[in-house]
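**Q** Only the shape, not the letters, is given here:
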């Protein structure tokens, strides 16, 4: 989602199925795959890199300029605070994923532990969110291709990448995992190279284009110091800036990290792999956001990062390495492909899960011999293609209104995860765990203690996260570009709830 939010800016200026799915116990991993079932083909290296790549997108490479402009060096605190929140959200999701690994995690758990209505809202909200995010990614892919080949129409680039990624997803989950593995490797290498290059400038005191000596002291001495705009202040143009306002941008840069939960139903050994990938979120945020941006602001004065070019390009330009723009263009092209690849995978599994719950047409719950929900892939790709056409024909409508729904949909999704986790623990304590769960037959404190991968401080953490998300929504109301998202969110929830009632009425 991070890339989508940034691209919005630059263009205009991530229960019932339990009985119907085949149970996936660890012993089944050694058996030949059964036709018509999901494949547990994602290996540990796939999950680790999928989780890692999910937090690195064009929002980091380009969109970090916006957050730096809002908070200056204190943006490092914003990423730390937001990172802790997103870590707890993914820990809550992973707690359920490890005990009950199923496709379409959010929707399945909301149905199983909350209500069918909650499963409907959660599943369709996430599906539509990724449709819109994918829409933006595909609509801008042509701009990256045009960097080298300006004569190619942007719609041609979008069509080619849509077909290529769709074909990869139809080949099976292992192929999806391989694509994501290598996409993530490219992004990781780019960030690490920037960090190493920046540290070399600092260690060897290399001269920079700004004339300001590279030093970590620049965090405190340049442009008003570490907290130049305070917690929250009014700029000359009437807009709000400061650390708190930066939290809004920061939170959406972490969109896609929750993809770990979606992969649980197709992971070889979720009880080992999911905890490893989830716990790794902490150091990923520290290295790829806090360390990377910290080095950038030590080399390039933060008040010269204006968003006209990427901060990553500026750090190399400042020491005379001008090929960085072309390299970063390639990295961002792979980042866009990665987001759409993840989006199509997540959407097809979400439709599969919704169909198994009875919350979507039954044909979307069918699998081919490779264990791929083909109809889910094709339908999601077709709707995304239609959305891309909307972008090209009516860009103002697409970015002002459709992307507002995508913006708020992430908050809705995260909030529902936390509420679902509380409902999950209530049902576990009541002895109502699924029959194929390791918790089956246990109740009370015994059941809660038996949870393999516990959410830290589970009594208070969900409430703290929900309060934090509420704060983010309030802060969104202070920004003209995000205020419309809050309004759209209320309307969007009403539409989802009405749609659920209509679908239920038709079945009666």
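**A** It's in. Just so it is clear, the model here is predicted, and its values are computed rather than measured.
**Q** C-alpha from now on. contacts and neighbour counts both.
**A** OK.
**Q** For the helix or strand where residue 274 lies, list every residue counted as buried.
**A** Here residue 274 sits within helix 270-285, counting by DSSP states H and E. Using 16 or more other Cα atoms under 10 Å as the test for burial, helix 270-285 gives 270-271, 273-275, 277-278, 281, 284-285.
**Q** so how far is the helix or strand following that helix from its chain's centroid?
**A** Note on helix 270-285: by DSSP H and E, the next helix or strand toward the C-terminus is helix 292-299. Taking Cα atoms, centre = their mean, to the nearest Å, one finds the center of helix 292-299 at 24 Å from the center of the full chain.
**Q** now stretch 265-284
**A** That offset, for stretch 265-284, works out to 16 Å (Cα atoms, centre = their mean).
**Q** which residues touch it?
**A** 24, 26, 29, 38-44, 47-48, 51-52, 55, 83-84, 87, 90-91, 94, 97-99, 101-103, 173, 260-261, 264, 452-453 (Cα atoms under 8 Å, 6 or more residues apart in numbering).
**Q** Stretch 184-191 now?
**A** Counting by Cα under 8 Å, 6+ apart, 49-50, 52-53, 56-57, 288, 292, 328, 331, 334-335, 338 sit against stretch 184-191.
**Q** Over to stretch 362-376?
**A** Outside stretch 362-376, the residues touching it (Cα under 8 Å, 6+ apart) are 35-39, 169-173, 347-349, 351-356.
**Q** ok, of those residues, which come out buried?
**A** Looks like the contacts of stretch 362-376 have 36-39, 169-170, 172-173, 347-349, 351-356 buried, using 16+ other Cα under 10 Å.
**Q** How about the contacts made by residue 411?
**A** So residue 411 contacts residue 469 (Cα under 8 Å, 6+ apart).
**Q** buried residues in the helix or strand containing it?
**A** Following DSSP H and E, one finds residue 411 within helix 403-429. Buried residues in helix 403-429, counted by 16+ other Cα under 10 Å: 403-429.
**Q** before we move on, what about stretch 237-257?
**A** 240-257.
**Q** Mind checking which of those residues land in strands?
**A** 240-241 (DSSP state E).
**Q** Filter the buried residues of stretch 237-257 down to just the ones in helices.
**A** 243-253 (DSSP state H).
**Q** if I pick the nearest residue to residue 430 once chain neighbours are set aside, what's in contact with it?
**A** Among residues not flanking residue 430 along the chain, residue 443 sits closest, at 5.5 Å (Cα to Cα, 6 or more residues apart in numbering). Counting by Cα under 8 Å, 6+ apart, residue 443 makes contact with 428-432.
**Q** same deal with residue 97?
**A** 105, 261, 264, 270, 274.
**Q** just the buried members of the contacts of stretch 265-284?
**A** 24, 38-44, 47-48, 51-52, 55, 83, 87, 90-91, 94, 97-99, 101-103, 173, 260-261, 264, 452-453.
**Q** So which of those residues belong to helices?
**A** Per DSSP H, the buried ones among the contacts of stretch 265-284 map to helices at 44, 47-48, 51-52, 83, 87, 90-91, 94, 97-99, 173, 260-261.
**Q** Could you work out the most separated pair of those?
**A** Within those, two members stand farthest from each other by Cα to Cα: 83 and 173, at 28.5 Å.
**Q** one step back: biggest separation within the contacts of residue 443, which pair?
**A** Longest span within the contacts of residue 443, Cα to Cα: 429 and 432, 7.5 Å.
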